[in-house]
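**Student:** Quick one: sequence and predicted model below, then my questions.
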Amino acid sequence: MGHHHAHSNHHHSHADLKGRNLVISIFLNLLITVSQVVGGIISGSLSLLSDALHNFSDVLSLIISYIATILSRKEASANKTFGYKRAEIIAAFVNSSTLIIVAIILIKEAIERFLAPEEIESDLVIWLSLLGIVANGFSVLLLKKDSESNMNMKSAYLHLLTDMMASVAVLIGGLLMKYFQWFWVDPLLTLAIALYLIYMGWALLRDSTRVLMLFTPGSIEVRDIVDAIKKIKAVKNVHHVHIWQLNEDEVHLEAHIDFVNDIKLSEFDIILEEIEEELYHHHGINHVNIQPEFGKCDSKQIIVQD
């Protein structure tokens, strides 16, 4: 028994809007990637090629996010009782991982270019970086709202946001190379972009890993929940507690409760409703599964390794 707050029609129309925004962003980033690869080869700009590499990772991450959005709409079945609710979390994990992998590749390339600097055709760098700023800026605006409440969309949004900032950095570098011949700025900006990717990707990688590993959400204190349930007069002990996050909308709790007396099932239902209200309103837990016990000989530890 648990709380369910579903609005299926609204959910599907919102998912359709998310999907449309992702498709637009995919095509925009394909355009930027092809343009920057050609421009980077012609101009010899490492920062432009690194920006193109990141843009290509954007395309892949957006495709992954789009597939996850489609899968998350699928209904549960007998052999998939949770449906595909974890799809968007997996997408967030993959996308945050690729952010960090791309960053490591860029750091390696930047160090090599520092050791062997090359002259760069700056005019092409300037115009293509402007294209990246405009296209990525538009994509960022499309995904911003959904990124605030959805880990999958946040991972796609971060890819685009960091790429827009990278294009700004490339533009600045192109101007400095054009007017001051500071060609060392190119690998320096590449290194700065890479470090920023690691900074942005790490938090999302950590958060998505916590969900996939079934860790207790960081905002929840297990001891506080146990103490709250034990305040109910009929409850003797709360043990064997598991709390995990299925996705960004659902937090689950299962626990064994030892009762003072051998109560009726109808009495248990009343107590269960009280527990559900407490957990939902004060701890954000919306799916509760309680195993009632009386005089059972088992471990009474709060946390039990199954």
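**Tutor:** Cool, the structure landed.
**Student:** and the least confident helix or strand in the chain by mean pLDDT, which residues are buried?
**Tutor:** Counting by mean pLDDT, DSSP states H and E, the chain has its least confident helix or strand at helix 8-43, which shows a mean of 79. Of the residues in helix 8-43, those buried by neighbour count under the rule 16 or more other CB atoms under 10 Å are 18-19, 21-22, 25-26, 28-30, 32-33, 35-37, 39-40, 43. Every residue, glycine included, has its C-beta placed from N, CA and C.
**Student:** Check stretch 48-61 too.
**Tutor:** Counting neighbours by 16+ other CB under 10 Å, one finds that the buried residues in stretch 48-61 are 48-59, 61.
**Student:** quick revisit: from the contact counts, what lies against the least confident helix or strand of the chain?
**Tutor:** Counting contacts by 3 or more CB pairs under 8 Å, 6 or more residues apart in numbering; DSSP states H and E, the secondary-structure elements packed against helix 8-43 are helix 46-72, helix 122-147, helix 151-180.
**Student:** Tell me which of those helices lies nearest to Ser208.
**Tutor:** Closest approach to Ser208 among the helices and strands packed on helix 8-43 is made by helix 151-180 (6.0 Å; CB to CB).
**Student:** Report the inter-axis angle for the closest one versus helix 122-147.
**Tutor:** Between helix 151-180 and helix 122-147, the angle comes out at 160 degrees (axes from the mean of the first three to the mean of the last three CA atoms, to 10 degrees).
**Student:** Give the other helices and strands that helix 151-180 contacts.
**Tutor:** Looks like helix 151-180 contacts helix 8-43, helix 46-72, helix 87-115, helix 122-147, helix 185-212 (3+ CB pairs under 8 Å, 6+ apart).
**Student:** Would you convert the ones you listed into TSV that also reports distance to His242?
**Tutor:** Shown next, in TSV, are the helices and strands packed on helix 151-180 (distance: least, CB to CB, whole Å):
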stretch	distance to His242
helix 8-43	27
helix 46-72	23
helix 87-115	18
helix 122-147	30
helix 185-212	14
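**Student:** Quick one, which of these gets closest to Phe259.
**Tutor:** Here helix 185-212 is closest among the helices and strands packed on helix 151-180 (CB to CB), at 32.5 Å.
**Student:** buried set for the next helix or strand after the closest one?
**Tutor:** Past helix 185-212, further along toward the C-terminus, the next helix or strand under DSSP states H and E is helix 222-230. Counting neighbours by 16+ other CB under 10 Å, one finds that the buried residues in helix 222-230 are 222, 225-226, 229.
**Student:** Same check on stretch 171-190?
**Tutor:** Taking 16+ other CB under 10 Å as the neighbour-count basis, stretch 171-190 is seen to contain the buried residues 171, 173-177, 183, 185-190.
**Student:** quick one: average pLDDT of it?
**Tutor:** For stretch 171-190, the mean pLDDT works out to 84.
**Student:** okay, how far is it across that stretch, tip to tip?
**Tutor:** The straight-line separation of the ends of stretch 171-190 (CA to CA, to the nearest Å) is 12 Å.
**Student:** what stretches of the stretch 101-250 of the chain score poorly on pLDDT?
**Tutor:** With pLDDT under 70 as the threshold, the stretch 101-250 of the chain has low-confidence stretches at 118.
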